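>>> got a predicted model here, sequence first, then my questions.
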Amino acid sequence: MHVPNLLIIDRIKTGTVIAGLKYYGQILFNILKMKISNSKNSSNKSNDKSDSQSTIDNFHLLYESNHKQTYDNTYWMGIRSMKCPLDLWIYQEILFKTRPDIIIETGTNEGGTSLYLANICDLMNNGEIITIDISSPKDKPEHERVHYIHGDATSVKTIEKIYQVIDKMNIKTDAKIMVILDDEHSEDHVFQEMEIYGKIVTPGNYLIVEDTSMGGHPVWPELDSGPMEAVERYMKINHNFEIDSNQEKFLLTFNPKGYLKKIK
Ligand SMILES: C[S@@+](CC[C@H](N)C(=O)[O-])C[C@H]1O[C@@H](n2cnc3c(N)ncnc32)[C@H](O)[C@@H]1O
């Protein structure tokens with residue numbers, strides 16, 4: 001904004017001091033008005049932000065309370081995948097960008113997500129899925145890229161089995177590995193898994209901790225602590241990962257602070 005000089009001597013000479021004062025007074029008044037309204041706007045903006053967050057949280061809570069209609073009723077190629085579709089799209093973008101050779105998933109459940117990952121890998125002509133569940137792997141979708149392991153995701157036996165499967169894959173030794181943790185959601189279990197699988201993820205790839213929204217973030221406030229608290233605990237002692245909040249761009253995610261990128 002261009003403000004002319006007051007030119008007081010010229011105003012005295014031309015007898016326009018009062019008009020000048022009126023003019024500059026008006027400008028000063030407008031500047032003050034704008035400043036006040038800007039600060040009001042910015043305080044409105046911060047209200048907007050918290051309004052937006054509460055809108056997102058309310059939608060998340062609604063999504064959760066209608067789980068029979070939402071995530072219990074989400075299918076990939078006819079097989080149930082207990083994910084938010086917005087997160088599945090993020091998975092697709094991560095897979096395309098990072099092109100992992102091996103994806104390890106803890107918590108197979110019905111296998112819809114395993115099949116989804118395998119189908120994305122089909123499109124890229126690269127990638128194998130190792131999926132682990134404590135319950136029986138019977139009646140799961142068959143796909144040449146999907147390898148089922150039956151066992152507790154944190155047991156030594158299971159980790160040995162994972163390496164046996166990888167050995168048989170005849171994959172290059174510098175294989176890129178990504179991990180998705182989606183089995184038991186207690187803080188201690190997820191923390192233990194992060195300690196085990198965080199070492200297996202290769203730099204540049206992701207460790208995705210599912211369901212960090214539990215424990216009141218905003219769903220499942222009944223849970224004292226869960227995956228979010230495990231992430232917070234892990235991040236305090238581990239500096240090889242950073243939280244990639246860009247992956248929360250669709251606003252609703254089951255995994256706030258749960259997309260961890262290995263940086264070294
Ligand atoms: C939330 S479901 C997994 C959903 C699945 N990832 C999907 O996207 O559709 C959790 C699964 O973890 C399995 N599970 C629970 N505790 C486990 C453990 N300690 N080790 C391996 N699997 C476990 C359960 O049997 C169940 O199938």
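Structure's in. What do you need? Residues are numbered from 1 along each chain as shown.
>>> buried set for stretch 235-242?
Under the neighbour-count criterion of 16 or more other C-beta atoms under 10 Å, stretch 235-242 has Phe241 buried. Heads up, the C-betas are built off the backbone N, CA and C, glycines and all.
>>> what does it rub up against?
Identification of contacts with stretch 235-242 by C-beta atoms under 8 Å, 6 or more residues apart in numbering yields Met194, Gly198, Pro203, Leu207, Tyr234, Ile243, Leu260, Lys261, Lys262, Ile263, Lys264.
>>> return a PyMOL selection command for the buried portion of those residues.
Typed into PyMOL, the line below selects the buried ones among the contacts of stretch 235-242, using 16+ other C-beta under 10 Å:
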select buried, resi 194+198+207+234+243+260+261+262
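>>> list the helices and strands the helix or strand harbouring Asn119 packs on?
Element membership for Asn119, per DSSP states H and E: helix 112-124. Helices and strands touching helix 112-124, by 3 or more C-beta pairs under 8 Å, 6 or more residues apart in numbering; DSSP states H and E, are strand 75-76, strand 79-80, helix 85-98, strand 102-106, strand 128-133, strand 146-150.
>>> how does the protein divide up, domain by domain?
Here the domain assignment for the chain is 1-65, 75-262, based on automatic domain parsing.
>>> which one of those domains lies nearest to the ligand?
Closest approach to the ligand among the domains of the chain (C-beta to the nearest ligand atom): domain 75-262, 3.2 Å.
>>> does the ligand have contacts with the closest one?
Yes: using C-beta under 6 Å from any ligand atom, domain 75-262 reaches the ligand at 81-83, 106-107, 109, 112-113, 132-135, 152-153, 182-184.
>>> related to what we said a few turns ago, how about the helix holding Asn119, which residues are buried there?
Residues Gly112, Thr113, Ser114, Leu115, Tyr116, Leu117, Ala118, Ile120, Cys121 are the ones in helix 112-124 that count as buried (16+ other C-beta under 10 Å).
>>> great, nothing more from me.
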